[in-house]
Structures are given as C-alpha cells and as structure tokens.
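S.K.: Only the shape, not the letters, is given here:
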C-alpha cells in the first residue's frame, strides 16, 4: 500500500488535467496493511492474488462501504 499513498494524488492530478475523473474515481485494490510483507502460505497468497486481479480488472466501478 506504500506506493498507492504516493501515487494517488499524482494520478488524480493527471486524471483531472485530462478531464478523466478525480480522486473519488481512484480506488486502491490490494492487500490490507500488515506487519508481514506476505501471507507465508501459498494457497492464501493465490486466493488473495485472484481476488485482487478480479477487482482490478472488472469493468464496473468498485463499491466500497466506508
């Protein structure tokens, strides 16, 4: 998640300059914050990776419950 907090404002600026959206249109898709850099178990990693790809590649907007 470290790179996301760096790139999100810059991506927002670029999107607004191009007339393509705003910060509300940018959503983080990835593992949640954790002390460990990885799960340590292959099956859990594969499930997390499949979910990340599914969310990132879907054509519809991602609905988050804040």
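M.R.: That came in fine, so what should we check first? Computed from a predicted structure; not experimentally measured. Residues are numbered from 1 along each chain as shown.
S.K.: Helices of this protein, start to end?
M.R.: Per DSSP state H, the chain carries helices over the ranges 2-17, 42-57.
S.K.: Pull the number of nearby residues for the nearest residue to residue 45 once chain neighbours are set aside.
M.R.: Leaving out its chain neighbours, the residue that sits closest to residue 45 by CB to CB, 6 or more residues apart in numbering is residue 39, at 5.1 Å. Bear in mind the C-beta positions are built from the backbone N, C-alpha and C, glycine included. Residues near residue 39, counting by other CB atoms under 10 Å, number 15.
S.K.: Kindly report the same for residue 18.
M.R.: For residue 18, the count of nearby residues is 8 (other CB under 10 Å).
S.K.: Please report phi then psi for it.
M.R.: Note on residue 18: its backbone torsions stand at phi -90, psi 0 [degrees, to the nearest 10].
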